[in-house]
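>>> Would you be able to build a 3D model of this:
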Amino acid sequence: MKKIAAVCACSFAASLCVLAPAYFAIASPAQAGQLDAAGLKSMIEGLGYEPKVLVSDPGKEKWEITVKRTDFTVPVALEISPSRNFIWLTCFLGDAPAESSSKNAAMLKRNAQIQPTMFYVSDKGSLMLGVAVENRALTAAILKRHLDKLVDDVVATSSLWNKN
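The predicted structure follows:
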């Protein structure tokens with residue numbers, strides 16, 4: 001019995017030596033299958049959008065596309081996060097309401113219904129609606145689904161943020 005336990009322990013240790021490098025290679029920050037700026041721009045164009053350059057600095061590229069719905073034309077910004085692990089899809093909704101506004105509480109409550117899309121306030125005081133999409137094995141179909149959901153959420157929540 002001690003021989004079997006020793007053989008099993010040695011086999012386990014050997015498999016760790018073989019598998020551990022592969023595990024850590026998969027978990028490294030520069031994961032295979034991540035889009036870079038050129039890949040994201042190409043995917044956006046492949047979906048039929050004409051991306052307008054908002055930021056062209058290498059490593060900080062950001063584009064804007066326009067998505068139309070019946071009553072809305074929604075500009076959506078797309079960019080890769082600094083960690084390269086996420087692609088942010090964001091919509092500018094205007095200036096953030098005053099901190100004491102009841103609209104803030106209503107938007108926070110709505111976050112629970114529209115998640116993973118979320119309302120947030122930028123460092124510049126802008127009211128935003130956005131979603132972070134994992135930048136791993138992202139396909140055009142997955143990106144399109146997230147774009148459509150974000151735009152649909154902009155339309156569905158317009159009573160909370162639209163000043164008209």
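>>> Chain neighbours aside, what residue packs nearest to the spatially most central residue of the chain?
In the chain, the centroid-proximal residue (C-alpha atoms, centre = their mean) is residue 132; its distance is 2.0 Å. Spatially, and ignoring its direct neighbours in sequence, residue 132 is nearest to residue 86 (4.2 Å; C-beta to C-beta, 6 or more residues apart in numbering). Quick note: C-beta positions are derived from backbone N, CA and C, even for glycine.
>>> For burial, what's the neighbour tally of that neighbour?
Number of residues near residue 86 (other C-beta atoms under 10 Å) recorded here: 17.
>>> Could you pull up the contacting residues of it?
Residues in contact with residue 86 (C-beta atoms under 8 Å, 6 or more residues apart in numbering) are 80, 132-135.
>>> now do residue 134
Contact analysis of residue 134 by C-beta under 8 Å, 6+ apart lists 85-87.
>>> swap the cut-off to 7 Å and go again
Shown in contact with residue 134 (C-beta atoms under 7 Å, 6 or more residues apart in numbering): 85-86.
>>> quick one: which of the contacts of residue 86 sit in helices?
If you go by DSSP state H, the contacts of residue 86 have nothing in helices.
>>> Looking at these, which one is closest to residue 160?
Nearest to residue 160 among the contacts of residue 86 is residue 132, at 20.8 Å by C-beta to C-beta.
>>> looking at it, the residue nearest to the centre of the chain is touching residue 90, isn't it?
No. Counting by C-beta atoms under 7 Å, residue 132 does not reach residue 90; the two are 9.4 Å apart.
>>> if I look at these two, which residues touch both of them?
Between them, residue 132 and residue 90 share no contacting residue, judged by C-beta under 7 Å, 6+ apart.
>>> Show me where the chain has its strands.
Along the chain, the stretches classed as strands by DSSP state E are 52-55, 62-68, 73-80, 86-95, 118-121, 126-134.
>>> With mean pLDDT as extra columns, can I get these in a markdown table?
Listed next are the strands of the chain as a markdown table, based on pLDDT from 0 to 100:
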| stretch | mean pLDDT |
| --- | --- |
| strand 52-55 | 97 |
| strand 62-68 | 97 |
| strand 73-80 | 97 |
| strand 86-95 | 96 |
| strand 118-121 | 96 |
| strand 126-134 | 97 |
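>>> Figure out which of these is closest to residue 159.
Smallest distance to residue 159 across the strands of the chain (C-beta to C-beta): 12.1 Å, for strand 86-95.
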